[in-house]
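Novice: Predicted structure and sequence below. I'll ask about it afterward.
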Amino acid sequence: MFQHLFYSNFTKQLCSDERLIATLLAVELALMKAQEECGILPKGSHATVLRLLPDFEPDIEQLKEEIPLTGNVAAPLVKQLISFVSKSDPEAAKAIHLGATSQDIVDTATVLKIRDFLKWWNHRVTMLQAGLVKLTQKHRRTVMMGRTLMQQARPITFGFKTAGWLRGVQAATHHLKMAEDQVLCIQLGGAVGAQNDFLTGEVRLAFAENLGLRDGPQWHTQRADLAAFASALGICAGTLGKIAKDITLLAQTEVGEVFEPTTKGRGTSSTMPHKRNPVLCTSILANVHRIPFLVATILASMPQAHERSAGLWHAEWETLDRLMGLAAGALERSIELLDGLEVDVERMYANIHLTQGLVFAESVSFALAAKIGKQAAYRWTQDACKKATEEGVHLKELLRESDFGLTTIEIEQLFEPDRAIGKSLQVIDEILQKYEDKL
């Protein structure tokens, strides 16, 4: 019912039963090919199974019944495959799953799933970053209020804000890339991870090459790389949540500066015709809210006992699928959100003047510091802000009435939004330059 609200069609297919079975079978075939290449299996064993495989139709309902008996999906699937191949070639059937343990097959299939996910993710993150660059360039000089602790602070530009979003995505992507470099590794250790005559170092290397993965020692109960992937994906999701959170706040009626792209029927209320609800942001934030707990499950699954875990390894399977599904859904909706984002430049400018000049208090204090010293300047500005609020007058008028030696032009300049954005433009350019340097 909620598939299109929270998830991605891609991960729905990626994490399907059919895709899992196909991937498990691909791992089994890659192992057979490696063992044959290393002279352990008779020539033609792999080709025979490969030729028969298109006619193999696993009994999924039977698998579902037998998984509770074996504790994993690989064992009953291998049993069905061996039975099927035996009908045509008993010798080839004997070569299936030789020397491997079920965890070797399941973990390697999981890594292949992660690889496919990362390929999809990296392509779409590139799209997201391109959208952020476009927004940043367009609104580099669009002045708006910067806000701290939910209060108006001092002016920035909208490009400064979107550049911050871009930097967050870049940082999160860096973490995910580091995790990717480690997690895409085969699992091939046999019963207790010590390998055997059928799982030699030569076989392991060939197995990795056949699957396009990195070779490495077994990691049956050493789950750091998998946990790093889950954690990095959680960081990526949190970065998307930051963007969605900012946009929901900017879209509030009292602020009204930024709005989600319009589509017929989107954001409507069942009882209030005037409402324009931020439903894209809502779905992103709903996903992002759940993801940390899934990451926590993966982290909590790390202290796995001895050479094979009871329960903790098993806790990873569905958790990883759900984690990737929610993160992918958040990314898809973030791309859609930014692609059609509506920015009300006039409202941004109007909101700067809501406080009768109080948001320029820091600029005033800095200017007065050169005249009367930092502490005295701060105290005078603080008192003036209080008086402006109580009496409903503009801070500029109070400054004009005081004799600090500022000219009329200098006072006017202190209250010009374009002059109060600090080094926003330089920060924007620095972030954009780093983005371009990585292309």
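Specialist: Thanks, I have the structure now. Numbering: from 1, shown residues only.
Novice: Break the chain down into its structural domains.
Specialist: 100-349, 355-438 (automatic domain parsing).
Novice: Now stretch 378-385: buried residues?
Specialist: 378, 380-381, 384-385 (16 or more other C-beta atoms under 10 Å). Any C-beta I mention is one placed from the backbone N, CA and C, and that applies to glycine too.
Novice: Among those residues, which one sits closest to E254?
Specialist: Nearest to E254 among these is C385, at 21.2 Å by C-beta to C-beta.
Novice: That closest one belongs to a helix, doesn't it?
Specialist: Yes. Counting by DSSP: H, G, I helix; E, B strand; the rest coil, C385 is part of a helix.
Novice: isn't it right up against L358?
Specialist: Yes. Contact status for C385 versus L358: in contact at 5.4 Å, counting by C-beta atoms under 8 Å.
Novice: who touches both of these two?
Specialist: L395 (C-beta atoms under 8 Å, 6 or more residues apart in numbering).
Novice: Among the domains of the chain, pick out the one with the most neighbours on average.
Specialist: Sort the domains of the chain by mean neighbour count, taking mean count of other C-beta atoms under 10 Å, and domain 100-349 sits at the top with a mean of 18.
Novice: Pull up the distance across that domain, start to finish.
Specialist: 66 Å (C-alpha to C-alpha, to the nearest Å).
Novice: Can you give the distance from it to the centre of its chain?
Specialist: Offset of domain 100-349 from its chain centre (C-alpha atoms, centre = their mean, to the nearest Å): 1 Å.
Novice: What segments of the stretch 301-439 of the chain are helices?
Specialist: For the stretch 301-439 of the chain, helices defined by DSSP state H, counting those that start in this stretch occupy the ranges 312-339, 345-352, 361-372, 374-391, 395-401, 408-414, 424-438.
Novice: Mind listing residues that contact the second one?
Specialist: What that stands for is helix 345-352. By C-beta under 8 Å, 6+ apart, helix 345-352 touches 139, 142-145, 152, 155, 158, 255-257, 359, 417.
Novice: go again using 10 Å as the cut-off
Specialist: 139, 142-145, 147, 152, 154-155, 157-158, 250, 254-258, 344, 359-360, 415, 417, 420 (C-beta atoms under 10 Å, 6 or more residues apart in numbering).
Novice: And the last one, by the same measure?
Specialist: When contacts are taken as C-beta under 10 Å, 6+ apart, the neighbours of helix 424-438 outside the stretch itself are 129-130, 132-133, 136-137, 139-141, 143, 146, 155-167, 169-170, 173-174, 421, 423.
Novice: Kindly report the same for the fifth one.
Specialist: Residues outside helix 395-401 that contact it (C-beta under 10 Å, 6+ apart): 355-361, 364, 367-368, 380-381, 383-385, 387-389, 391, 393-394, 406, 408, 410-412, 414-415.
Novice: Try it again at 6 Å.
Specialist: Residues from elsewhere that reach helix 395-401, judged by C-beta atoms under 6 Å, 6 or more residues apart in numbering: 357-358, 384, 388, 411, 415.
Novice: For A153, which three-state class applies?
Specialist: strand.
Novice: Where does the prediction get shaky in the stretch 101-250 of the chain?
Specialist: Within the stretch 101-250 of the chain, the set of residues satisfying pLDDT under 70 is empty.
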